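A.B. asks: One predicted model, sequence on top.
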Amino acid sequence: MIKPEIKDNSIAIPSHQEFLPDVDVYIEGILRGYGADESVIADVAISVSELVINAIAHGNRAVRETPVTVTIDKVDGAVTITVTDQGQGFDPDDIDDPIADENLLRQVGRGIFIVRSLMDKVDIRAKENGTTVTITKAIS
C-alpha cells in the first residue's frame, strides 16, 4: 500500500503518520455529513488520531506496507468508529495509569486515557494478529 484507499465506509492508510491528515479529513467530512456538532467532531477527531498513531507505532511498528483501517458507521444517533492494525496485540489492562504520580512526567502513554475520557464507549479487542479498537459517541 502506497497511498490511502477509501472504500465504502472505510479508509485504509499505510503505517506512516504523514497520512493522518487523510484520516482526519475523511472522518470529519463524514461527521459533518451526519450533522454532528463541531465539539463532537473535535472529540472524535482527537480520539481517532490517538488510535491511529497507536496503531501505526505500536501495532504495525511503522511498517509502511502494513495498513491501518478506519471504519465509520452511524446507528441510532451515535457514530461508531473502528481502528484496526495488523500487529501483535496487547493487553489493555497492562496500560500504565497516566495520572499516577510515577507516570505524570512521561511523554507517552496517554492516548487510550484521552480516548476513554472523550468517547461514550471504548472497546479494545487485541489478538495475536492485530488490535481492533471500537469507539462510540452520540452525535444527536
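C.D. replies: The structure has been received and is ready for your questions.

A.B. asks: so what does the helix or strand of the chain with the lowest mean pLDDT touch, helix or strand wise?
C.D. replies: The weakest-scoring helix or strand in the chain, judged by mean pLDDT, DSSP states H and E, is helix 111-118 (a mean of 90). In terms of contacts (3 or more Cβ pairs under 8 Å, 6 or more residues apart in numbering; DSSP states H and E), helix 111-118 is packed against helix 38-54, strand 121-127, strand 130-138. (Glycine included, C-beta is placed from N, CA and C.)

A.B. asks: Now do that helix and helix 38-54, the angle between them.
C.D. replies: For helix 111-118 against helix 38-54, the angle by axes from the mean of the first three to the mean of the last three Cα atoms, to 10 degrees is 160 degrees.

A.B. asks: Buried ones in helix 111-118, by neighbour count?
C.D. replies: Buried residues in helix 111-118, counted by 16 or more other Cβ atoms under 10 Å: 111-115, 118.

A.B. asks: Also stretch 63-75?
C.D. replies: Neighbour-count burial for stretch 63-75, with 16+ other Cβ under 10 Å as criterion, is recorded at 66-72, 74.

A.B. asks: can you tell me which of those are in helices?
C.D. replies: Assigned to helices by DSSP state H, none of the buried residues of stretch 63-75 qualify.

A.B. asks: Dump those residues into a markdown table; add distance to Thr131 and pLDDT as well.
C.D. replies: A markdown table is the format used below for the buried residues of stretch 63-75 (distance: Cβ to Cβ, whole Å; pLDDT from 0 to 100):
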| residue | distance to Thr131 | pLDDT |
| --- | --- | --- |
| Thr66 | 13 | 96 |
| Pro67 | 13 | 97 |
| Val68 | 10 | 98 |
| Thr69 | 11 | 98 |
| Val70 | 13 | 98 |
| Thr71 | 14 | 98 |
| Ile72 | 18 | 98 |
| Lys74 | 23 | 97 |
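
A.B. asks: Tell me which of these fall in strands.
C.D. replies: Judged by DSSP state E, the buried residues of stretch 63-75 include 67-72, 74 as members of strands.

A.B. asks: and the closest residue to Thr71 other than its chain neighbours, how many residues sit next to it?
C.D. replies: Once flanking residues are discounted, Thr71 sits nearest to Ser10: 4.1 Å by Cβ to Cβ, 6 or more residues apart in numbering. Neighbourhood size, Ser10 [other Cβ atoms under 10 Å]: 16.
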